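A.B. asks: Quick one: sequence and predicted model below, then my questions.
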Amino acid sequence: MTATRRDTFHVRIARHGLVFRFSRRSTVLTSVLWLCAGGVLALSLGLGEFDLRLADTLRVLGGGGTLIEYDVVVRDRLPRAVTALGVGAAFGVSGAILQRIAANPLVSPDVIGVNAGASFGALFVITVLGGAGASLVLGALAGALLTGAAIVLIALNHGLSGYRLVLVGIGIAAMLSSGTSYLLIQADYRQVLNAASWLTGSLANRGTLHVAVIAGTLAVVVPVLLVLGRHLRVLELGDDLSRALSGGTRRIRLSLITTAVVLAAMATAAAGPIGFVALVAPQITRRLLPGRPVPLGTAAATGALLVIGSDLAARLLFAPTELPVGAVTGVIGAPVLLYLLARANRIGHTG
Amino acid sequence: MVRAASAVLLLVATCVLSLVVGTYPASVSSVLSAVVSPGNGGDVDAIVWHVRIPRTLTGLLAGSALGVAGALMQGLTRNPLAGPGILGINSGASFAVVVAIGLGVTAVNGYLWFAFAGAGVAAVVVYTLGSLGGGGATPVKLALAGAALTAMVGSMTTIVTLLDAATLDEYRFWAIGSLTRAGSDALATVGPFLAAGSLLAVAVGGSLNLLALGEDMARSLGARLVVVRVLSAVAVLLLAGAATVIAGPVGFVGLAVPHIARALTGPDYRWIMPYCVVLGPILLLLADVVGRMLVQPEQLQVGIVTGLAGAPFFLYLVRRRKVAQL
């Protein structure tokens, strides 16, 4: 079921002499996934404590509606939903890049310590500095970026091997989660409750700041990935083979890993360390497109759909109590992956 | 040989440290005499026999069990990121303990069977899901099924603790591993499980070397894949399950110790596992001793300190040596 010639089509941008090659199957799948995500977005703008019908939601978005409707839909639910989409896409892409470079389905930014760094930074702000809001975002961002830089620098020894990166990540993550546990034990009970929600990953009370963080990141990263993404086909052959087949892989691998780390760091800063999305989105994608490498765009769509769907479930499941989205991604994502694993087995693929 | 001998010496020294260091000021000689001739009724005697010896034994048993279980799991899934947790042990045990707290079980030994049952159910489910369909429990399927189930059960634990604040307050202390909660009766209870798990681990060591060559090669060299996989999984359940029951979910040991052992001895599992038996307790007990000294007169639980104490050495090994890949 590899991508055959009949499966591909080309888009030429004549003026620049650029040719993009697409696979029909993955293009269709990506579009369907994004459409579903858009549908869930429309649903989640209307559903909640203050229910609106779809037509009313659209009317409010168009500028009509009462003041309270505007407040609920545009100022509360819209930023939340847009953050969910962006964060999900960022985690999905980040996981897909890291998994392809390390050739390991268990690798994700959570495993290699980026999320642990963000958690530690945010928890430090909550418990030691007593901050919230923008300082929380800043703390998480600083934690995640510093951790990412430390991991890459420590792993950088005669080039960056995927295997070493993963092991270094485990070590750093262990140190940071020790620190996190220590802060949690020392903190008083009220702070622990507050932190517990952030540490699971939450989309509650997102505003323009969070939307700006994640949208700005994607606006910068997507063009970079359009250029660098094609090198993944070579990089995923492994450290030795890719070096033999193509020059300059060392620099490209480093840039791609940095991109993945930045994506995860920004996403975590905007929504907290939502677990499992980065691990499962590429794996679900891989099983929906068997026999070919995971396209980054499709992984992004899967991640976005998973996060916004989970957030909707987290808001509605135990209403009026609202769960943080990170508590639900596992419950929703895992069965999908397990089903796909079982189904792949039946039709003769070994996963 | 020198390396192995010095590792064993280091373990002995660590045990002595773990017996001697503590909040109560006791001299080395008084501790040693209390160990050699118990029952003279002094303070030191009571502390050594009721606090420090069970604590040290817990560290020894849990450390070696987690180390070996980690090596088995990495061999089974051929994945450097696999620890005993990938078989669902920690998440299953944690969820069962949350349920136990919710049901009102308060005795520490009351959690014991809940934790073991949770670990067991999770391991069986992971293994079954991972081996559905053709090809059996291949490394990738097993690792992914484990990661998925771990995330799912972990989510369920989070949901329960978030909805019920009292449970969160109780659970957050259980969730950090500690060597102080198991008494001698709990240790005696899990002893047989540990013994059985260790025997199984010894039995499959050679076959794991074959598995490392890939499935086809292993099969053509005469390894019975299904038997080896099932036996390894059972051994992981017995070892890591027992360790989690007496010490709580300690994360880093099962993951890092096999890598340290691999860096010291190379890729032969028949050597990696004995090294894990020695290195696991060294890491756990040293971390525990550091935890006793850092914030006196309070103590830090071992689960907090293992990462801080063990990771720098782990990072050093990973960076300096040519990493022995799986």
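C.D. replies: Sure thing, it's come through.
A.B. asks: Can you tell me, leaving aside adjacent residues, what's nearest to B:Leu294?
C.D. replies: Nearest non-adjacent residue to B:Leu294, counting by C-beta to C-beta, 6 or more residues apart in numbering or on different chains: B:Leu300, 5.6 Å away. The way it works is simple: take the backbone N, C-alpha and C, and place the C-beta from them, glycine included.
A.B. asks: Next, the spatially most central residue of chain B: secondary structure please.
C.D. replies: Taking C-alpha atoms, centre = their mean, the centroid of chain B lies closest to B:Leu66, which sits 2.4 Å from it. Assigned state for B:Leu66: helix (three-state reduction, DSSP: H, G, I helix; E, B strand; the rest coil).
A.B. asks: Near chain A, which residues of the stretch 1-150 of chain B are found?
C.D. replies: Residues of the stretch 1-150 of chain B lying close to chain A by C-beta under 8 Å from any C-beta of the partner chain are B:79-82, B:86, B:129-130, B:132-135, B:138, B:140-141, B:143-145, B:147-149.
A.B. asks: Mind checking which of these are in helices?
C.D. replies: Cross-referencing the residues of the stretch 1-150 of chain B next to chain A against helices under DSSP state H gives B:Leu129, B:Gly130, B:Val140, B:Lys141, B:Ala143, B:Leu144, B:Ala145, B:Ala147, B:Ala148, B:Leu149.
A.B. asks: Going along the chain, name the helices of chain B.
C.D. replies: Defined through DSSP H, the helices belonging to chain B, from first to last, are B:2-20, B:28-36, B:43-47, B:53-77, B:89-103, B:108-130, B:139-163, B:165-174, B:184-211, B:215-220, B:225-247, B:252-265, B:269-294, B:302-320.
A.B. asks: what's the first-to-last distance across stretch A:100-112?
C.D. replies: Between the opening and closing residues of stretch A:100-112 there is a gap of 14 Å (C-alpha to C-alpha, to the nearest Å).
A.B. asks: do the same with stretch A:238-252
C.D. replies: One end of stretch A:238-252 sits 13 Å from the other (C-alpha to C-alpha).
A.B. asks: Then stretch A:177-195?
C.D. replies: Counting by C-alpha to C-alpha, the length from the leading to the trailing residue of stretch A:177-195 is 14 Å.
A.B. asks: what comes up buried for it?
C.D. replies: Of the residues in stretch A:177-195, those scored as buried under the neighbour-count criterion (16 or more other C-beta atoms under 10 Å in any protein chain shown) are A:177-185, A:187, A:191-192, A:195.
A.B. asks: ok, and which of those residues reach chain B?
C.D. replies: Of the residues in those, proximity to chain B by C-beta under 8 Å from any C-beta holds for A:Ser177, A:Ser178, A:Gly179, A:Ser181, A:Tyr182, A:Leu184, A:Ile185, A:Val192.
A.B. asks: Just flag the most distant two among those.
C.D. replies: In these, two members sit farther apart than any others by C-beta to C-beta. They are A:Ser178 and A:Val192, at 16.8 Å.
A.B. asks: Contact residues of the stretch 151-300 of chain A facing chain B?
C.D. replies: When proximity is defined by C-beta under 8 Å from any C-beta, the stretch 151-300 of chain A lies next to chain B at A:154-155, A:157, A:161, A:163-164, A:166-168, A:170-172, A:174-179, A:181-182, A:184-185, A:189, A:192-193, A:196-197, A:200, A:275-276, A:279-280, A:283.
A.B. asks: If we use 7 Å, what do you get?
C.D. replies: Neighbours of chain B within the stretch 151-300 of chain A, by C-beta under 7 Å from any C-beta of the partner chain: A:154, A:157, A:163-164, A:166-168, A:170-172, A:174-175, A:177-178, A:181-182, A:184-185, A:189, A:192-193, A:196-197, A:200, A:275-276, A:279-280, A:283.
A.B. asks: Show me the residues you listed that map onto strands.
C.D. replies: Counting by DSSP state E, no part of those is found in strands.
A.B. asks: about what we covered before: may I ask you to confirm that the residue nearest to the centre of chain B is in contact with B:Gly254?
C.D. replies: Yes - B:Leu66 is in contact with B:Gly254 according to C-beta atoms under 7 Å; the separation is 4.2 Å.
A.B. asks: Show me the shaky parts of the stretch 101-250 of chain A.
C.D. replies: For the stretch 101-250 of chain A, residues meeting the criterion pLDDT under 70 lie at A:158-160, A:239, A:247.
A.B. asks: all helices for it, in order.
C.D. replies: Along the stretch 101-250 of chain A, counting by DSSP state H, counting those that start in this stretch, helices occupy A:114-123, A:134-155, A:162-186, A:189-200, A:208-228, A:232-235, A:239-245, A:249-271.
A.B. asks: Using JSON lines, lay out those helices together with distance to A:Tyr70.
C.D. replies: Listed next are those as JSON lines, based on distance: least, C-beta to C-beta, whole Å:
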{"stretch": "helix A:114-123", "distance to A:Tyr70": "31"}
{"stretch": "helix A:134-155", "distance to A:Tyr70": "24"}
{"stretch": "helix A:162-186", "distance to A:Tyr70": "39"}
{"stretch": "helix A:189-200", "distance to A:Tyr70": "27"}
{"stretch": "helix A:208-228", "distance to A:Tyr70": "15"}
{"stretch": "helix A:232-235", "distance to A:Tyr70": "44"}
{"stretch": "helix A:239-245", "distance to A:Tyr70": "53"}
{"stretch": "helix A:249-271", "distance to A:Tyr70": "23"}
